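Colleague: need a 3D model of the sequence below.
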Amino acid sequence: MPTSARTLLEQFGGLTVGRSGAGVTCARGSVRIEPDAYGSGPESLAEHSKSAGRQLYPIGETHNRYMMATVDAHGGIYLLGDGGAEFAGPSIYHAFEAILQGRLPWTAGDARA
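Modeller: Sure thing, here's the model as predicted:
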């Protein structure tokens, strides 16, 4: 597990926040930071890592277990579901904002100063 994943879990492990509802560009959702929360097998994670072009590590789930939340070695957050890997933000802070407001997929224009 890379430092980015370990640090994120130390800071936010056990956190559950948000609720489902209408969002800006998609449904807003909840976030639960707990690596085993989603329950998908390692083969699914390996497939999504390959499609994203980077190794992804599970950190939790979003949208009431609809998607697995993952982090890459640089701290980027990806959501994995039936449609593949979706970039949620370059950091957990950007991803929280995008998920909780319903602004996915994340784009550089979504960054807040």
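
Colleague: quick one, strands of this structure?
Modeller: With DSSP state E as the criterion, the chain has strands at 16-17, 31-33, 57-62, 67-71, 77-81, 84-89.

Colleague: tabulate these (TSV), appending mean neighbour count, mean pLDDT and distance to residue 6.
Modeller: For every residue, glycine as well, the C-beta is placed using N, CA and C. As requested, the strands of the chain are arranged in TSV below (neighbours: other Cβ atoms under 10 Å; pLDDT from 0 to 100; distance: least, Cβ to Cβ, whole Å):
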stretch	mean neighbour count	mean pLDDT	distance to residue 6
strand 16-17	12	94	20
strand 31-33	22	94	13
strand 57-62	24	92	9
strand 67-71	26	91	10
strand 77-81	25	89	15
strand 84-89	20	87	19
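
Colleague: which one of those strands lies closest to residue 4?
Modeller: Put simply, out of the strands of the chain the one that sits nearest residue 4 is strand 67-71, at 5.6 Å, with distance taken as Cβ to Cβ.

Colleague: relative to the whole chain's centre, how far out is the closest one?
Modeller: Once both centres are worked out by Cα atoms, centre = their mean, to the nearest Å, strand 67-71 turns out to sit 4 Å from its chain's centre.

Colleague: how about stretch 1-14?
Modeller: Computed by Cα atoms, centre = their mean, the separation of stretch 1-14 from the middle of its chain amounts to 13 Å.

Colleague: need the residues that contact stretch 3-12.
Modeller: Counting by Cβ atoms under 8 Å, 6 or more residues apart in numbering, the neighbours of stretch 3-12 from elsewhere in the structure are 33, 35, 57, 59, 71, 72, 73, 74, 75, 92.

Colleague: out of those residues, who's nearest residue 20?
Modeller: Of the contacts of stretch 3-12, the one sitting nearest to residue 20 (Cβ to Cβ) turns out to be residue 33, at 17.2 Å.

Colleague: relative to residue 62, how far out is the closest one?
Modeller: Residue 33 sits 10 Å away from residue 62, going by Cβ to Cβ, to the nearest Å.
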